[in-house]
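1. Build the 3D model from these lines:
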Amino acid sequence: MPTTRATRNAKATAPSAATATTQPTPPAQRQPESQEEQRARMAEITDALRQQYPDAHCSLEFETPLQLLVATILAAQCTDERVNMVTKTLFKKYPTAADYANADPSELEADIKQIVFYRNKAKNIRAMATILVSRYNGEVPRTLAEVAALPGAARKTANVVLGNAYGIIEGMAVDTHVGRLARRMGFTISEDPVVIEQQLTQLVPKEMWVLFSHLLIYHGRAVCQSRKPLCDQCVLAAKCPKVI
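-> Got it, this is the predicted structure:
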């Protein structure tokens, strides 16, 4: 049978038997986990993180629910370290909700000028404090809905304040660290903090919701960093689908 140009081209481009056998095999697809399997893996992860970070706690420095509420509002898109630097003097100058509510706008702005978006945050803090004075006798309310509705606050802020200042557990605080680690560890594909919270709270016992958030934040800062996670140093590597 004569060899045509098309046949010669096909032979030239087709891989040889030796080449074909040396092609890398695509990695096996990870099988979907049942909720029971996810809970079991989550329990192992939580235990490992508790051993790694035995002192995990809220990084914002505070003594009262009002102080934590103000600090959490300031911490949006800003580091806790910078917030703690600012609040050392801020809390002494404004000890009550009435002090914030009656503060001169430009003076309060100057007091928090080192914080990103300080003008808008100063406005929200004054508005928040005015509501506390007029509706709650100057005290921070004790329900998620009420705290989340305050100017400058939202669901995450409410979870932080209730869980850490009052010991009231209504939800789990989901910040950028918590969301990032939850996705990398295969517990969610969502970017929505509310959806992530709903999914994580199905896997973590309620009494652990506050601590679990702190554990992920500590690990996200120290190891599972945004740009370059240190997977070779990670105690969760054997349990993380990003690695295994």
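
2. Worst mean pLDDT across the helices and strands of the protein, which element?
-> Evaluated with mean pLDDT, DSSP states H and E, the helix-and-strand set of the chain has its lowest mean pLDDT in helix 17-21, which scores a mean of 39.

3. Show me what secondary structure element comes after it.
-> The C-terminal neighbour of helix 17-21 among helices and strands, as given by DSSP states H and E, is helix 35-52.

4. C-alpha coordinates for that next one, CSV please?
-> These are the backbone C-alpha positions of helix 35-52, laid out as CSV (Å, rounded to 0.1, in the frame of the first residue of the first chain):
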residue,chain,number,x,y,z
GLN,A,35,-20.7,15.3,56.0
GLU,A,36,-19.6,12.7,58.5
GLU,A,37,-16.2,12.4,56.8
GLN,A,38,-15.9,16.2,56.8
ARG,A,39,-16.7,16.4,60.5
ALA,A,40,-14.1,13.7,61.3
ARG,A,41,-11.4,15.5,59.3
MET,A,42,-12.4,18.9,60.8
ALA,A,43,-12.1,17.4,64.3
GLU,A,44,-8.5,16.2,63.5
ILE,A,45,-7.7,19.7,62.1
THR,A,46,-9.1,21.4,65.1
ASP,A,47,-7.1,19.1,67.5
ALA,A,48,-3.9,19.8,65.5
LEU,A,49,-4.4,23.6,65.5
ARG,A,50,-5.2,23.6,69.3
GLN,A,51,-1.9,21.9,69.9
GLN,A,52,-0.1,24.3,67.6
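
5. per-residue confidence averaged over that helix?
-> Along helix 35-52, the predicted local confidence has a mean pLDDT of 97.

6. now swap in stretch 90-98 and tell me
-> With pLDDT averaged residue by residue, stretch 90-98 scores 98.

7. Name the surrounding residues that touch that stretch.
-> 62-63, 66-67, 70, 99-100, 103, 108, 111-112, 129, 132-133, 138-139 (CB atoms under 8 Å, 6 or more residues apart in numbering). C-beta here means a position set from N, CA and C on the backbone, and glycine is covered the same way.

8. Can you tell me which of the residues you listed is nearest Pro151?
-> Within the contacts of stretch 90-98, proximity to Pro151 (CB to CB) peaks at Ala129, which comes in at 9.2 Å.

9. confidence score at the closest one?
-> Model confidence at Ala129, given as pLDDT, is 98.

10. can you list the domain ranges for this structure.
-> Structural domains assigned to the chain are 35-56+172-239, 65-166, following automatic domain parsing.
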